[in-house]
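[1] Take a look and give me a structure for this.
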Amino acid sequence: MSWWFLLSFLLLLSDAVNRNNFKTCDQSGFCNCTLSKSAQTATLSFSSNKVVLTYNPLRLDVYAGEELVASVNARGLFHVETQLLKPKVGGEEEGDKPEEEKNEDDDLGISAEEIAKMDWEESFNSHHDSNPRGPRAISLDVTFVGFDKLYGLPEHADTLALKGTGNTDPYRLYNLDVFEYELDNPMALYGAIPYVHALSAKRSVGMMWLNAAETWVDINYSNEKSIVGRVLSSILSSDEVNRVDTHFMSESGLLDLFLFLGPTPKDVTKQYSNVFGPSYLPPMFAISYHQCRWNYNDQNDVLGVDSNFDKYDIPMDVIWLDIEHTNGKRYFSWDGRKFPDSKAMLSALADKGRNMVTIIDPHIKVDKSWDLYSAGRDHVSCGIYVKNKDGGNFEGHCWPGTSSWVDYTSPCARQWWAEQFAYDKYQGSSPTLFTWNDMNEPSVFNGPEVSMPKDNLHAENWEHRDVHNIYGYYMHRATRDGQLYRSQNTARPFVLSRAFFVGSHRVGPIWTGDNHASWEHLRMSIPMLLSLNVAGYPFVGADVGGFFGNPPTELLVRWYQVGVLQPFLRAHAHIDTRRREPWLFGSIIATKMRVRRSSQLMESDPYTLIVALSTQGEAKGEAYIDDGKSFEYKNNKFSHQLLDFASNKLSCRRAANSGKYVSAAVERIIILGLDSPLSASLNGSPLVSTFDKTKKSVTIKKPNVVLSEEWNIDFL
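    Next up, the predicted model:
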């Protein structure tokens, strides 16, 4: 082939290339970066943005275009405590110390005698933290300039927009098992994502403080330049500018800070996802309805609940089992008396397209006769369990009694854990059995703050204080890997976790923990879940009905109405609560069912009463009626009616506060939840009714009653 033919071929090929499909240097951020330096500053410019580093005093100013959006260390709160190791008893020579046990800076000018006298051990209630490695805290201030709202920092039972903390404790991020948690409080809860999203009418900026140790965050809203200090004030263009001052403080760890410049909320979310990954794509059943309580009693109870969902024509994809299904709180096991044939139970559910979830917690019962515990204790490749400060296996108390905790920070331990989900190891499991990780903050009943001592030791000699908030994430991930392992990476996993950290959104869903059956907790569930969404976690939910307490019918109905709009929809309840499966609650709803082009055209339409009976054959409801457009209700032109079905009688009575409004005819009554037909009569005169065996309902057309009056219909 001659050179001119080759050249012609290449020229033809170049003409065929669409250059619009490929980036130029100007379109690639890193290619277009420029670095300039002066005696006092260094400036890194990229795209239309720039970062200016001032050497003394140390400050980092971040610009979007020409607009200052964030300033790091403007208030001079960047502090790093220097680690100081106490000399061992007996007095080693400095040269005899292993390299990793030497102080970080041998030129501190502090003698070994002075270090030995320092007291950095801590006590909280009856618990003692030896803190053998000394002070290692780190803090930094970040000011968001031109912003008036800050969001994020889950998990807290508080408002969506973060509050200023000038008169309260800072927001605390330290994963804890909090029993019946308080509302409107910056106290720590089950998970931690140290991420904030600053918002104004013009732009958004996000920031991640990537640190897994105990963290506190102070927030201050202001428009006074003087508070920021003269240094920052000198670069602000106006006399007053809104800003949010934040101060992040962690007990240990490195400075690992990420800023996302937006400019829109969507842009910030995309940038966050590019760094920390997108949310995982769940199996279809995972976004359907889940039925749970602590606990369904036995195999027959489970199959009975399953059957009732069919009987009452209520869709359900997953039924859950809490800790009582196990053999003495030994996870990966079944109580043989209560669940004699788990595979048959799982098969019966699977025949209807349904799945099951069982709980598996991180604590392992200390039982030398139990193969699982012994296999972890005697593992030859690595230490499976978390160690105490002296190097022995840590033991504490949780549901099984004395327990050890798997060290999920160890890749070897995570692999061992994943292997336990194999069908030949998790006896009685099947491909339709999935997992719920609870108590993984970790919760230790006799530990400080119901958690693990901070001087416990993990893989590679990390103290628990360094990895506390990431412990639950690693368990979540190891369990996910177990489901992938058992299916040979062919089936999407489903694992619910209570504890979480940055990255948990890539693994599976979480929920908001042990809430209460109250209107206040229902209200709070919304900002709690939205806060998680802001921090990159979309697959979340709150227990429908509240975990503690017994919700009245109205609250439970409203909670379901809210719950169906949440990605993870599960009803759950404490072992001491009354049973609350949906068919146990009866209700009566007055509605207008004629289809119209607008609500105004429905004004004179008659009502249909839908009576959904409980298993006791009872139901209650209320109806409010007025003209829908005037203020005549202030002159008693309204009706407030109380509806009740009991002892085979449907009654309508005026409430004590009711006025009088007459335009409210009833054209149809539908009674749901009947196994056999009923005949109906009004004041002794029979009414025409029809029975639908498939829908288990009776319909009465033209009952000759008015909703705004008082009457009784008897059924036989």
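[2] count of neighbours near residue 364?
    Neighbour count for residue 364, taken as other C-beta atoms under 10 Å: 24. (Glycine included, C-beta is placed from N, CA and C.)
[3] Quick check: the gap between it and residue 372.
    7 Å (C-beta to C-beta, to the nearest Å).
[4] Overlap of the contact sets of these two?
    Common contacts of residue 364 and residue 372, defined by C-beta atoms under 8 Å, 6 or more residues apart in numbering, comprise residue 331.
[5] Show the backbone phi and psi for residue 628.
    Taking degrees, to the nearest 10, you get phi 80, psi 10 for the backbone angles of residue 628.
[6] Do you know the pLDDT at the nearest residue to it once chain neighbours are set aside?
    Ranked by C-beta to C-beta, 6 or more residues apart in numbering and with sequence neighbours excluded, the top spatial neighbour of residue 628 is residue 603, at 6.7 Å. Per-residue pLDDT puts residue 603 at 90.
[7] can I assume residue 273 sits in a strand?
    No - membership of residue 273 in a strand is not supported by DSSP: H, G, I helix; E, B strand; the rest coil, which gives helix.
[8] Is it in contact with residue 536, as I believe?
    Yes - counting by C-beta atoms under 8 Å, residue 536 is a contact partner of residue 273 at 6.8 Å.
[9] Compare those two (neighbour count), which wins?
    Shown here are residue 273 and residue 536; by other C-beta under 10 Å, residue 536 has more neighbours (27 against 15).
[10] if I look at the more buried one, how far off is residue 551?
    Distance from residue 536 to residue 551, by C-beta to C-beta: 31 Å.
[11] Next: residue 312.
    Distance from residue 312 to residue 551, by C-beta to C-beta: 19 Å.
[12] Please apply the same query to residue 455.
    Residue 455 is 42 Å from residue 551, by C-beta to C-beta.
[13] who's more crowded, the two?
    residue 551 (24 against 19).
[14] Next up, phi/psi of the more buried one, please.
    phi -70, psi 140.
[15] same question, the one 4 residues further on
    According to degrees, to the nearest 10, the main-chain angles of residue 555 amount to phi -60, psi -40.
[16] quick one, what contacts it?
    Residue 555 sits next to 517, 518, 519, 522, 545, 546 when contact means C-beta under 8 Å, 6+ apart.
[17] Please apply the same query to residue 147.
    Counting by C-beta under 8 Å, 6+ apart, residue 147 has contacts 69, 198, 199, 200, 205, 242, 243, 244.
[18] neighbours around the residue nearest to residue 628, how many?
    Quick note: residue 603 (other C-beta under 10 Å) scores 13 neighbours.
[19] One more: residue 498?
    Residue 498: 25 neighbours (other C-beta under 10 Å).
[20] One more: residue 69?
    For residue 69, using other C-beta under 10 Å, the count is 26.
[21] and it, that one's in a strand?
    Yes - looking at residue 69 with three-state DSSP, it is inside a strand.
[22] isn't it right up against residue 60?
    No - applying C-beta under 8 Å, one finds residue 69 not in contact with residue 60, separated by 11.9 Å.
[23] hang on, the earlier thing: with pLDDT and distance to residue 427 added, can I get the contacts of residue 147 in a markdown table?
    Below are those laid out as a markdown table (pLDDT from 0 to 100; distance: C-beta to C-beta, whole Å):
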| residue | pLDDT | distance to residue 427 |
| --- | --- | --- |
| 69 | 97 | 57 |
| 198 | 98 | 52 |
| 199 | 98 | 52 |
| 200 | 96 | 57 |
| 205 | 98 | 52 |
| 242 | 92 | 61 |
| 243 | 94 | 60 |
| 244 | 97 | 54 |
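[24] from the residues you listed, which single one is nearest residue 160?
    Nearest to residue 160 among these is residue 199, at 10.8 Å by C-beta to C-beta.
[25] Run through the residues that contact the closest one.
    147, 148, 149, 150, 151, 265.
[26] So among these, where is pLDDT lowest?
    residue 148 (93).
[27] Which residue, neighbours along the chain excluded, lies closest to it?
    Spatial nearest neighbour of residue 148, excluding adjacent residues (C-beta to C-beta, 6+ apart): residue 242 at 4.4 Å.
[28] before we move on, what about residue 320?
    residue 292 (3.5 Å).
[29] tell me the contacts of the one you found?
    Here residue 292 is in contact with 319, 320, 322, 357, 570, 571, 572, 573 (C-beta under 8 Å, 6+ apart).
[30] Which pair of the residues you listed spans the longest distance?
    Farthest pair in these, by C-beta to C-beta: 357 and 573, 15.2 Å.
[31] Please say which of those two ends up with more neighbours.
    residue 573 (25 against 22).
[32] so the more buried one touches residue 556, yeah?
    No - in this structure, residue 573 is not within contact of residue 556 by C-beta under 8 Å, at 10.3 Å.
[33] in its sheet, what does the helix or strand containing residue 290 sit against?
    For residue 290, the host element (DSSP states H and E) is strand 289-291. Applying DSSP bridges to the sheet, strand 289-291 is found paired with strand 318-321 (parallel), strand 569-571 (parallel).
[34] can you tell me which of those comes nearest to residue 128?
    In terms of C-beta to C-beta, the element of those nearest to residue 128 is strand 318-321, at 38.0 Å.
[35] immediately after that closest one, which helix or strand?
    helix 342-350.
[36] If you average the pLDDT over that following helix, what comes out?
    Rounded mean pLDDT across helix 342-350 is 98.
[37] Next: stretch 393-403.
    98.
[38] Would you mind measuring the gap between the ends of that stretch?
    Distance between the boundary residues of stretch 393-403 (C-alpha to C-alpha, to the nearest Å) amounts to 10 Å.
[39] Determine the number of other residues adjacent to the closest residue to residue 636 other than its chain neighbours.
    Using C-beta to C-beta, 6+ apart and skipping residues adjacent in sequence, the residue nearest residue 636 is residue 659, 3.2 Å away. Per other C-beta under 10 Å, the neighbour tally for residue 659 reads 18.
[40] one step back: overlap of the contact sets of residue 573 and residue 556?
    545, 580.
[41] Let me know the secondary structure of residue 520.
    Assigned with three-state DSSP, residue 520 falls in the helix class.
[42] check contacts around it.
    Residue 520 touches residue 183, counting by C-beta under 8 Å, 6+ apart.
[43] Report the separation between it and residue 442.
    28 Å.
[44] quick one: the helices in this protein?
    Ranges of helices in the chain, per DSSP state H, are 3-16, 112-117, 225-228, 230-233, 265-276, 299-311, 342-350, 371-377, 411-419, 464-467, 471-486, 519-534, 553-563.
[45] Make CSV from those helices and add distance to residue 219 to it.
    Converted to CSV, these look like this (distance: least, C-beta to C-beta, whole Å):
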stretch, distance to residue 219
helix 3-16, 56
helix 112-117, 36
helix 225-228, 13
helix 230-233, 17
helix 265-276, 18
helix 299-311, 46
helix 342-350, 47
helix 371-377, 43
helix 411-419, 36
helix 464-467, 24
helix 471-486, 25
helix 519-534, 14
helix 553-563, 28
